[in-house]
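Sequence and computational prediction follow.
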Amino acid sequence: MSSLDAVLGRALTTPGISGAAVLDAVTGLSYAESGDVSGSQDSSEIAELARTRLTRAGAAGELESVIVTTSTRHLVTIQLPRQGDPLLLCATVDRDRTNLTWALRELNRHADELLA
């Protein structure tokens, strides 16, 4: 089992997180997936759209995260900075089973593990 798979497996132990994936932010290539990642396929395009619009609006700095909310879940995308192209940590979070703030805190902790 790779370290990516191990970190994603630990992310799934957070209440309400039903899926997690690590994607290349530019190409959308999946490096690792665990659980229900059906919403993650478009995350790189969504993140690129957000980056483009923020730049046009004059926002300085890099994109940190994007949260897309549906009636049943949140799709959380966190950009992981690194040398070269950034990575995206994407997670499917059940709206009824978790507090979004708690899930974000836990996902950021797991993101730190990925970068260590």
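Ah, there it is.

Isn't I46 up against V68?
Yes - applying Cβ atoms under 8 Å, one finds I46 in contact with V68, separated by 6.6 Å. For every residue, glycine as well, the C-beta is placed using N, CA and C.

okay, stretch 27-36 in PDB with CA atoms only?
What follows is stretch 27-36 as a C-alpha-only set of coordinates in PDB (Å, rounded to 0.1, in the frame of the first residue of the first chain):
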ATOM      1  CA  THR A  27      -4.300  17.300 -16.000                       C
ATOM      2  CA  GLY A  28      -6.800  15.800 -13.600                       C
ATOM      3  CA  LEU A  29      -4.800  12.600 -13.500                       C
ATOM      4  CA  SER A  30      -5.700  10.600 -10.400                       C
ATOM      5  CA  TYR A  31      -2.700   9.500  -8.300                       C
ATOM      6  CA  ALA A  32      -4.800   7.700  -5.700                       C
ATOM      7  CA  GLU A  33      -8.500   7.200  -4.800                       C
ATOM      8  CA  SER A  34     -10.400   5.700  -1.900                       C
ATOM      9  CA  GLY A  35     -14.200   5.400  -1.400                       C
ATOM     10  CA  ASP A  36     -16.800   7.300  -3.300                       C
END
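
what do I46 and V68 both touch?
Contact criterion Cβ atoms under 8 Å, 6 or more residues apart in numbering; residues shared by I46 and V68: T77.

Settle it for me: which of these two has more neighbours?
A count of neighbours by other Cβ atoms under 10 Å puts I46 above the other of I46 and V68, at 17 against 14.

helix/strand/coil for that one?
helix (DSSP: H, G, I helix; E, B strand; the rest coil).

For it, give its distance to S38.
Distance, I46 to S38, using Cβ to Cβ, to the nearest Å: 14 Å.

Same question for P81.
26 Å.

Check T92 too.
7 Å.

Can I get the longest helix along the chain as PDB, trimmed to CA atoms?
Determined from DSSP state H, the single longest helix within the chain is helix 100-115. The C-alpha coordinates for helix 100-115 follow below in PDB (Å, rounded to 0.1, in the frame of the first residue of the first chain):
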ATOM      1  CA  LEU A 100     -18.200  21.000   7.300                       C
ATOM      2  CA  THR A 101     -15.800  23.000   9.500                       C
ATOM      3  CA  TRP A 102     -14.700  19.800  11.300                       C
ATOM      4  CA  ALA A 103     -14.300  18.000   8.000                       C
ATOM      5  CA  LEU A 104     -12.100  20.800   6.600                       C
ATOM      6  CA  ARG A 105      -9.900  20.700   9.700                       C
ATOM      7  CA  GLU A 106      -9.400  17.000   9.300                       C
ATOM      8  CA  LEU A 107      -8.800  17.200   5.600                       C
ATOM      9  CA  ASN A 108      -6.200  19.900   6.100                       C
ATOM     10  CA  ARG A 109      -4.500  17.600   8.700                       C
ATOM     11  CA  HIS A 110      -4.500  14.800   6.100                       C
ATOM     12  CA  ALA A 111      -3.200  17.200   3.500                       C
ATOM     13  CA  ASP A 112      -0.200  18.000   5.700                       C
ATOM     14  CA  GLU A 113       0.500  14.300   6.000                       C
ATOM     15  CA  LEU A 114       0.500  14.000   2.200                       C
ATOM     16  CA  LEU A 115       3.100  16.800   1.900                       C
END
